[in-house]
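Peer 1: Attaching a predicted model along with its sequence, questions to come.
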Amino acid sequence: MTTDGTSYLPAPDVLWSHAATLAAWSAEQQLPVHNYRHDEAELRSEDVGNGWWALSWVEDGRAVLYGVDHDYSETVSLSPPLDLLADGPSWLPWQRLDEVIAGGEEIGFVYWWDGRTWGRAPYPAEVHDDGVRSMVPADDSEVRQVCADLVADGADPAAVREREAAHRRTAALPNESAALPAGHGEPADRRIPCWLPEQHAAVLAVEMKAATELNRPEPPATPEQERLIAWLRTNGTRTGGSSVLSAAFVDAGDTDFGRGADGFLDELGRRNFGEAATLLTALRDAESDPERGRWLYIRITVPDTNSNSNADADANSTIERGYDCLPDWWPARRGVVATLPHTVRLEMARRAAPWRPNWAELLEEDVRRDGAPARLCRVELGLPHISHLSTPHADADASAGADTDAGACAGADADASAGADTGAEPAS
C-alpha cells in the first residue's frame, strides 16, 4: 500500500504551530530532535543527514509542504524522473517550487493545501513511500520529546513547561502579507531535473514510444540477411515454435553505453558478442542508406521446420526494424534502459534532414543540464519507472570476460534470470 500523506498530514496551521515552537527553542539551544528555523512565510527543519521538510504559506490561506527522507523517499531518482508538481492547481507558486526542485537538494515529496485538503502529484505504482510520514511529525511529539529530555537532563519541570508555553505563544501564524503570492497557472516550458544517464534514456523512450515510423522503402533481400536467418535457424533458442533474435544498436561513440566499439544489446540490456554481433553488423551496414540512415532496433523471427528443406522456413521468416521510434515489440522492462540518447543522436546526425523524426529536436537539448520537458515525466505516459541504475562502465568491471555469443538466447520472453546462462554482458 502506498503511503499517502494527504490523509496523514494535519492542517498546515497545526504543523506550523509545532515546528515554530521548536524553531523558537532552536534559537536558544541545539535540540535532541530536528532543529528548525523560519522566516516570515516559511518553516524548515535542519537536515541532520536523514532529510528535511519545509512549509510555506501561500496567499488566501493555502500552503505548500515539501522535503525528502533520504532513507525512505522512493520518489527520488526514478527513471523517467517523477514530476512532483504534475496536476498541481493553478495557484501553486510555480516559480518558487521549480527553483526548489531544480536546486542542489533532492526533493522526495511536494504537497499542497487548498484551504480544506492536501493534494499531491500522482505516483507510479511501484512507489510505496515518499518519506512524508517518516519525516514530518503529524503531532507535537517532538515538542514533548524536547520537554522530556530537558527534564531528564536536570531542568526544573515547571520551568520547562513555562518555556514551552512561551515558545508556543511565539509560534503564531505569519501575517497574510508575508505569504507567497499565488501562481497563475503552470508554466508551459516547465522542466524536471534529469541528472542521471538512465533518466535521460527513459525520457527519450517516452518520446520515441509515442512516435511512428516514417514512410520508407523496405530494404531489399541481401546475402547478409540470408546468412543471419540461416545462423539463427541453426543456433537460435526455440521459443513458441520460432527462433527470435532482438537487438538494439549501440554506437562506439556513445559515452554512456558504447564502450568504444559498435555493438548490440538484447532486450535485457546485455551486450551481444561473437557471430551474432558480426552478422547483425554486416546486415545493418548492407541495409544502410546515406540519406535515410540505418535502423536502431531489429527483431528476426525464424519459424521451426521439420522438413529436409529450409525454403519454407526462410520464406516465412520475418525481419522487423525500428528506425524512427521505439517499436511496440521492444519490451519495456523494469531496470533495463530501452533507448540510448547518444547513440540515437549520432544516428540522427548522419541522416538527411527529411529523415529525422520530429522528436529528434529533443536530442539537441542538454537535458541533463536543463532538465526534461515536464510533459515527458507524467506517470501515465512513461514506461515502467526504474530504480537507480549504475552506468555500464561500472558494470563492465563486474562482468568483464563475458564474451560468448548471447544473440541466440535473446528471446522475446527471456527472463532476467537467464543472464547467467547466456554469457551476455549487462550494459546497464
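Peer 2: Good, I have the coordinates.
Peer 1: ok, which stretches of the stretch 151-300 of the chain are strands?
Peer 2: 191-192, 238-239, 242-250, 263-265, 270-271, 297-303 (DSSP state E, counting those that start in this stretch).
Peer 1: A helix includes R321, no?
Peer 2: No: counting by DSSP: H, G, I helix; E, B strand; the rest coil, R321 falls outside a helix, being strand.
Peer 1: So what pairs up with it in the strands?
Peer 2: The partner list for R321 in beta bridges (DSSP bridges) reads I298.
Peer 1: That one: neighbouring residues, count only.
Peer 2: Residue crowding around R321 was assessed by other C-beta atoms under 10 Å; the count is 20. All C-beta spots, glycine's among them, are computed from the backbone N, C-alpha and C.
Peer 1: for P157, same thing?
Peer 2: Other residues near P157 number 11, with proximity taken as other C-beta under 10 Å.
Peer 1: Tell me which of the strands of the stretch 151-300 of the chain lies nearest to L214.
Peer 2: Closest approach to L214 among those is made by strand 297-303 (14.4 Å; C-beta to C-beta).
Peer 1: Show residues contacting the closest one.
Peer 2: Judged by C-beta atoms under 8 Å, 6 or more residues apart in numbering, the contacts made with strand 297-303 from elsewhere in the structure are 228-229, 232-233, 236, 241-249, 280, 283-284, 313-314, 316-322, 326-327, 329-330, 412.
Peer 1: Show me the residue sitting in the middle of this protein in space.
Peer 2: Per C-alpha atoms, centre = their mean, the C-alpha nearest to the average position across the chain is that of S79, at 1.3 Å.
Peer 1: Give me the number of neighbouring residues for the closest residue to it other than its chain neighbours.
Peer 2: Distances taken as C-beta to C-beta, 6 or more residues apart in numbering place A202 nearest to S79, at 3.9 Å, with adjacent residues excluded. One way to gauge burial is a neighbour count; for A202, by other C-beta under 10 Å, it gives 29.
Peer 1: what's the answer for S17, then?
Peer 2: Around S17 there are 17 residues (other C-beta under 10 Å).
Peer 1: is it true that it touches R168?
Peer 2: Yes: S17 sits in contact with R168 when judged by C-beta atoms under 8 Å, with a separation of 7.1 Å.
Peer 1: shaky segments in the stretch 301-428 of the chain?
Peer 2: 306-314, 334-335, 380-428 (pLDDT under 70).
Peer 1: again, only using 80
Peer 2: Applying pLDDT under 80 to the stretch 301-428 of the chain flags residues 305-315, 332-336, 380-428.
Peer 1: so where do the strands sit in it?
Peer 2: Assigned by DSSP E, counting those that start in this stretch, the stretch 301-428 of the chain shows strands spanning 318-322, 372-373, 425-426.
Peer 1: can you tell me which of these comes nearest to D266?
Peer 2: The stretch from those with the least distance to D266 (C-beta to C-beta) is strand 425-426; that distance is 10.1 Å.
Peer 1: tell me the phi and psi of L340?
Peer 2: Recorded main-chain torsions at L340 are phi -120, psi 100, according to degrees, to the nearest 10.
Peer 1: From A148, how far off is the residue nearest to the centre of the chain?
Peer 2: Counting by C-beta to C-beta, to the nearest Å, the gap between S79 and A148 amounts to 44 Å.
Peer 1: do P12 as well
Peer 2: Here the distance between P12 and A148 works out to 26 Å (C-beta to C-beta).
Peer 1: ditto for D156
Peer 2: If you go by C-beta to C-beta, the gap between D156 and A148 works out to 14 Å.
Peer 1: How many residues are close by the closest residue to I192 other than its chain neighbours?
Peer 2: By the measure of C-beta to C-beta, 6+ apart, the closest residue to I192 outside its immediate chain neighbours is C377, 4.6 Å from it. As a burial measure, the neighbour count of C377 was computed by other C-beta under 10 Å and equals 28.
Peer 1: hang on, the earlier thing: the strands of the stretch 151-300 of the chain: lowest mean pLDDT?
Peer 2: Looking at the strands of the stretch 151-300 of the chain, the lowest mean pLDDT belongs to strand 238-239 (a mean of 82).
Peer 1: so what strands line up beside that strand?
Peer 2: Take DSSP bridges as the rule and strand 238-239 pairs in its sheet with strand 242-250 (antiparallel).
Peer 1: From Y72, how far out is A349?
Peer 2: If you go by C-beta to C-beta, the gap between A349 and Y72 works out to 43 Å.
Peer 1: between the two, which one's more packed in?
Peer 2: Comparing A349 with Y72 by neighbour count (other C-beta under 10 Å), the higher total belongs to Y72, at 20 against 12.
Peer 1: wait, what's in contact with the more buried one?
Peer 2: In this structure, Y72 makes contact with 129-131, 134-135, judged by C-beta under 8 Å, 6+ apart.
Peer 1: So which of the residues you listed are in strands?
Peer 2: Secondary structure assignment by DSSP state E places none of the contacts of Y72 in strands.
Peer 1: State the pair within those that is farthest apart.
Peer 2: Largest separation among the contacts of Y72 by C-beta to C-beta: D129 and M135, giving 10.5 Å.
Peer 1: out of these two, which sits in the more crowded spot?
Peer 2: A direct count of neighbours by other C-beta under 10 Å for D129 and M135 places M135 higher, at 23 against 20.
Peer 1: Tell me where the model's unsure across the stretch 1-150 of the chain.
Peer 2: 1-4, 27-34, 39-41, 47-48, 104.
Peer 1: related to what we said a few turns ago, now render the strands of the stretch 301-428 of the chain as TSV, adding distance to A102.
Peer 2: As requested, the strands of the stretch 301-428 of the chain are arranged in TSV below (distance: least, C-beta to C-beta, whole Å):
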stretch	distance to A102
strand 318-322	33
strand 372-373	11
strand 425-426	32
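Peer 1: Between those, which one is closest to G115.
Peer 2: strand 372-373 (30.9 Å).
Peer 1: which helices and strands does that closest one pack with?
Peer 2: With contacts defined as 3 or more C-beta pairs under 8 Å, 6 or more residues apart in numbering; DSSP states H and E, strand 372-373 has these neighbours: strand 191-192, helix 197-209.
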